[in-house]
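# When you get a sec, could you give me coordinates for this:
(one chain, ligands or ions: 2)
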Amino acid sequence: MMDGEAITAIRTAAVSAISAKLLRPLVSDVLCILGSGQQARSHYDVFTKIFKFKEVRVWSRRREMCERFVADLEEPVVVCRSVRDAVSGADVIVTVTGATEPILRAEWIKSGAHIAAVGACRPDWRELDDVLMREALVYVDSRDGAHAESGDIILSGV
Ligand SMILES: NC(=O)C1=CN([C@@H]2O[C@H](COP(=O)(O)OP(=O)(O)OC[C@H]3O[C@@H](n4cnc5c(N)ncnc54)[C@H](O)[C@@H]3O)[C@@H](O)[C@H]2O)C=CC1
Ligand SMILES: O=C(O)C1=NCCCC1
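Residues are numbered from 1 along each chain as shown. Ligands and ions are numbered 1, 2, ... in the order given. The predicted model follows:
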């Protein structure tokens, strides 16, 4: 038995980055990360290594955790007061929260934005609202897996 935290952090961010490589808008200037935990950091590391963003934003429910997240980084990252502020105009959005209810609403999102929806990995957890799930073009690695595990897919009925 081994502790898989480090591997999970890296490989989850790597899969999100592959999705962004293939599906992000041609012009992707603004990256937004929702959440400030372990996955937020691994996604920040991988995304800023692979892509060039003009602006990186982060939002987390507890502002002090956001400040701590940003303090560890060498490049400037904007700490946002609300999810709405954070995602407004963003081209690439990473959701890596432990939310169980939707925090991200379709009406706030720029048309064509790419969302790597990572956090809601249990059948009764949500990050994205129903409208967003219905309006989005949804890509998954496994249909069976998504329909068994992804609360955003199962509960939105897409
Ligand atoms: N799809 C996948 O393959 C994987 C999914 N995950 C999931 O991604 C999420 C993040 O994982 P880690 O960064 O390791 O966790 P973490 O515990 O290090 O960070 C969790 C973050 O979510 C925030 N958060 C917690 N509850 C929230 C709520 N109700 N509303 C908004 N924000 C909330 C926390 O403030 C923190 O910023 C977890 O839900 C985890 O289960 C983790 C690994 C792989
Ligand atoms: O696939 C994984 O690995 C994980 N998925 C959801 C929860 C944490 C680990």
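
# Enumerate every residue touching the residue of the chain found nearest ligand 1.
Closest to ligand 1 within the chain is Gly37: 2.0 Å, counting by CB to the nearest ligand atom. Where C-beta positions appear, they are placed from N, C-alpha and C, glycine not excepted. By CB atoms under 8 Å, 6 or more residues apart in numbering, the contact set of Gly37 is 65, 96-98.

# For beta bridges, what are the partners of Thr95?
Counting by DSSP bridges, Thr95 is bridged to Leu34, Ala117.

# hang on, it packs against Ala113?
No - at 11.7 Å, Thr95 does not count as touching Ala113 under the criterion of CB atoms under 8 Å.

# So which of those two has more stuff around it?
Thr95 (26 against 19; other CB atoms under 10 Å).

# per-residue pLDDT, the more buried one?
Looking at Thr95, its pLDDT reads 98.

# average pLDDT across the longest helix belonging to the chain?
As assigned by DSSP state H, the longest helix anywhere in the chain is helix 5-23. Average pLDDT, helix 5-23: 97.

# That concludes my questions; thank you for your assistance.
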